[in-house]
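Build me a model from this:
(chains A, B, C and D)
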Protein chains: 2
Amino acid sequence: MRILVVEDEIHLAEALVQILRKNNYTVDAAHDGEAGLDNALTGIYDLILLDIMLPKMDGISILKNIRKEGISTPVILLTAKGEISDKVTGLDSGADDYLAKPFATEELLARIRAASRRKGEVLPDNALKFGDIELNTATLKLSTVSKEIKLILKESELLELLITRKNAVTSKELIIEKLWGFDSEAEHNNVEVYISFLRKKLAFLNSSVSINTVRGVGYVLEVKA
Amino acid sequence: MRILVVEDEIHLAEALVQILRKNNYTVDAAHDGEAGLDNALTGIYDLILLDIMLPKMDGISILKNIRKEGISTPVILLTAKGEISDKVTGLDSGADDYLAKPFATEELLARIRAASRRKGEVLPDNALKFGDIELNTATLKLSTVSKEIKLILKESELLELLITRKNAVTSKELIIEKLWGFDSEAEHNNVEVYISFLRKKLAFLNSSVSINTVRGVGYVLEVKA
DNA sequence: ATGCCAAACCTTTAATCAACCTTAAAAAAG
DNA sequence: CTTTTTTAAGGTTGATTAAAGGTTTGGCAT
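Residues are numbered from 1 along each chain as shown, chains lettered A, B, ... in the order given. Take a look at the predicted model:
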């Protein structure tokens, strides 16, 4: 269970990190909004503790941003005492919970347990989201809200790679290295075949996600308008 | 963007180098503390990944040393998992961030982006700017604030060359060498054709950037008033 | 200076070539 | 035997090259 703490007061941040580590969580900290957003966008976290007042980018903007990117990691907002409007805005923006500073350690831990429990009900582990699709790398099922289709292992691995690298163009060489191994005999055509398979399944799902070819460079995921 | 990796575990060091190169960073590696300090003191790096436990000289000493010399290159410390005291010491000594081993590739990249952004570098590594245009060499898209157009690979490579050499006149010979390779059969006319293609696309964008011909010498970018 | 010429350069298009796509079938794995 | 992976082949698309004709430039003779 990996937690991201986004808090600019170094003192409080360190305290949080220590408390959480002591309770067997893996913890990373970011001390301003931009760093927090960057970390959050990696999608590797199971929970985010997010201060609202932050340098460079406020917590609400971060929250909206990560939700827009399809990342559904539970977020607990840390609000200054009594800022009710903050709380409302936060929940509207996709927060799961809020916690007024100062707070008791036990309350924090309780809310974390609650948030992660809630998440477990909604989204299975190993689920990756991009646009309107969700890929479960454990069950190899690719789904939209209305449809679902089974992938085979290589298809899932390929799509997983493309989703985790959604901001970059992924070359066939990299794909071969990741799916077939460093010095395999696999040809470009192997990649093309699986790209073709995936496209067919995306079409079947009527997904707005498509795989874009950048000739001479590689492939990149795209959400059609 | 040039990164120095100081890490004594050859295996991890090599992995880091490969990952970073693949993400378009220029990377050098040092395998012990003294070599690391020497390299760091050159001041040519935009970022340093610094292991704490190193033969000959530990990472914290290196860090203090380069800060004492007035070098403000962002430093990300690589710490063994859970060594909080390391982290505190590290931050007190002038580190920008720390990363616990083992770490996810994406997290590493995110922290690098965050660190370089903090330093003032805003653009992703494969975005090049000149005048009112921005070229993304990964997606091959050329854009102004209002418009965007797709380039093909050779066009992008050519424009990239012109942008990186914006203060010099770039000869057709050099262009041929860079885009077609050392002893290719390519003619001057091949270059002229792609220059023509690029000019057409710049015109489409209504960009203030134009490609200036210096007769007998080569081409140079220019921003119209 | 003026006009002419040759060289350098520009632009467009058609043909060629390489990258990519798709499908089917063979081979391998389970 | 079924499912997955690999190989293979033909088709399609789009990039590259080559070629031709037009335009600009600068040198040079007048």
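
Give me the pLDDT for the residue most central in space within chain A.
Closest residue to the average C-alpha location of chain A: residue A:43 at 2.6 Å, with C-alpha atoms, centre = their mean. Looking at residue A:43, its pLDDT reads 70.

Please settle this for me: is it part of a strand?
No - counting by DSSP: H, G, I helix; E, B strand; the rest coil, residue A:43 is not found in a strand; it is coil.

Just to be sure, residue A:12 is in a helix?
Yes - under three-state DSSP, residue A:12 falls within a helix.

residues in contact with it?
Residues in contact with residue A:12 (C-beta atoms under 8 Å, 6 or more residues apart in numbering or on different chains) are residue A:101. Quick note: C-beta positions are derived from backbone N, CA and C, even for glycine.

Would you check how far apart it and residue A:31 are?
Distance, residue A:12 to residue A:31, using C-beta to C-beta, to the nearest Å: 10 Å.

if we can go back for a sec, just checking, the residue nearest to the centre of chain A touches residue A:73?
Yes - taking contacts as C-beta atoms under 8 Å, residue A:43 lies within contact range of residue A:73: 7.0 Å.

Helix or strand with the lowest mean pLDDT in chain A?
Within chain A, no helix or strand scores below helix A:84-92, which has a mean of 58 by mean pLDDT, DSSP states H and E.

For the helix or strand immediately after that helix in the chain, buried residues please.
Remark: after helix A:84-92, the chain's next helix or strand is strand A:97-101, criterion DSSP states H and E. Neighbour counts over strand A:97-101 (16 or more other C-beta atoms under 10 Å in any protein chain shown) mark A:97-100 as buried.

For residue B:36, state which of the residues you listed is nearest.
residue A:99 (41.8 Å; C-beta to C-beta).

ok, the closest one - contacts?
Contacts of residue A:99 (C-beta under 8 Å, 6+ apart): A:76-79, A:107-108, A:111.

run the last query once more with 7 Å
By C-beta atoms under 7 Å, 6 or more residues apart in numbering or on different chains, the residues touching residue A:99 are A:76, A:78, A:108, A:111.

So which of the residues you listed are in strands?
Among these, the members found in strands (DSSP state E) are A:76, A:78.

Derive a ChimeraX selection command for the buried subset of the contacts of residue A:99.
Remark: buried members of the contacts of residue A:99, expressed as a ChimeraX selection using 16+ other C-beta under 10 Å:
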select /A:76,78,108,111
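
Contact residues of chain A facing DNA strand D?
A:150, A:152-155, A:180, A:185-187, A:189-190, A:193-194, A:215-216 (C-beta under 7 Å from any atom of the strand).

Now for the residues you listed: which two are most distant?
The two members of the residues of chain A next to DNA strand D with the most space between them (C-beta to C-beta) are A:150 and A:216, at 32.6 Å.

circling back: most neighbours among the residues of chain A next to DNA strand D, please name it.
Using other C-beta atoms under 10 Å in any protein chain shown as the neighbour criterion, residue A:155 leads the residues of chain A next to DNA strand D with 21 neighbours.

Is it located within a helix, as I assumed?
Yes - residue state for residue A:155 (three-state DSSP) corresponds to a helix.

Can you give me the distance of it to residue A:213?
Using C-beta to C-beta, residue A:155 is found at 17 Å from residue A:213.

Residue A:57 too?
From residue A:57 to residue A:213 the distance is 34 Å (C-beta to C-beta).

can you check residue A:103 too?
From residue A:103 to residue A:213 the distance is 51 Å (C-beta to C-beta).

ok, now residue A:50?
37 Å.

Specify the residue ranges that define each domain of chain A.
Per automatic domain parsing, the structural domains of chain A span A:2-122, A:127-223.

end-to-end on the last one?
Terminal residues of domain A:127-223 lie 18 Å apart, using C-alpha to C-alpha, to the nearest Å.

Is it in proximity to DNA strand C?
Yes - using C-beta under 7 Å from any atom of the strand, domain A:127-223 comes into contact with DNA strand C via A:172, A:188-189, A:192-193, A:195-197, A:199-200, A:213, A:215-217.

Quick one: classify the residue lying farthest from the centre of chain A as helix, strand or coil.
In chain A, the residue that sits farthest from the middle, by C-alpha atoms, centre = their mean, is residue A:185; the gap is 33.1 Å. Following three-state DSSP, the label given to residue A:185 is coil.

For it, give me its contacts.
With contacts defined as C-beta under 7 Å, 6+ apart, residue A:185 has no neighbours.

Now do the strands in chain A.
Using DSSP E, the strands of chain A run over A:2-6, A:26-30, A:47-51, A:75-80, A:97-101, A:127-130, A:133-136, A:141-143, A:148-150, A:209-214, A:218-223.

Could you single out the most deeply buried of those?
Mean neighbours per residue, mean count of other C-beta atoms under 10 Å in any protein chain shown, is largest over these for strand A:47-51, with a mean of 27.

Low-confidence stretches in chain A?
A:68-71, A:81-94, A:96, A:114-126, A:167, A:182-184 (pLDDT under 70).

For it, list the residues in contact with chain B, please.
A:18, A:21, A:34-35, A:38-39, A:41-42, A:44, A:164, A:168-169, A:174, A:214-217, A:220 (C-beta under 7 Å from any C-beta of the partner chain).

Quick check: helices, which of those are part of them?
Judged by DSSP state H, helices contain the following of those: A:18, A:21, A:34-35, A:38-39, A:41, A:164, A:174.

if you skip the residues just before and after it, what's nearest to residue A:66?
Residue nearest to residue A:66 in three dimensions, not counting chain neighbours: residue A:40, with 4.8 Å by C-beta to C-beta, 6 or more residues apart in numbering or on different chains.

Next: residue A:23.
Closest to residue A:23 by C-beta to C-beta, 6+ apart is residue A:109, at 6.1 Å.

since we're on that neighbour, how many residues are nearby?
Residue A:109: 14 neighbours (other C-beta under 10 Å).

Report the separation between it and DNA strand D.
42 Å (C-beta to the nearest atom of the strand, to the nearest Å).

Give me the buried subset of the residues of chain A next to chain B.
By 16+ other C-beta under 10 Å, the residues of chain A next to chain B give A:34-35, A:38-39, A:41-42, A:44, A:164, A:168-169, A:174, A:214, A:217, A:220 as buried.

Residue A:26 against residue A:5, yeah?
No - here residue A:26 lies out of contact with residue A:5, judged by C-beta atoms under 7 Å, at a distance of 11.3 Å.

Report the contact partners of residue A:149.
Applying C-beta under 7 Å, 6+ apart to residue A:149 gives the contacts A:142, A:201, A:204-205.

about what we covered before: can you give me every residue that contacts the residue nearest to residue A:66?
Residues near residue A:40 by C-beta under 7 Å, 6+ apart: A:4, A:48, A:62, A:66, A:71, A:73.

Out of these, which comes closest to DNA strand D?
Checking those against DNA strand D by C-beta to the nearest atom of the strand gives residue A:71 as the nearest, at 27.8 Å.

Now rank the contacts of residue A:149 by neighbours and give me the top one.
Going by other C-beta under 10 Å, residue A:142 tops the contacts of residue A:149 with 26 neighbours.
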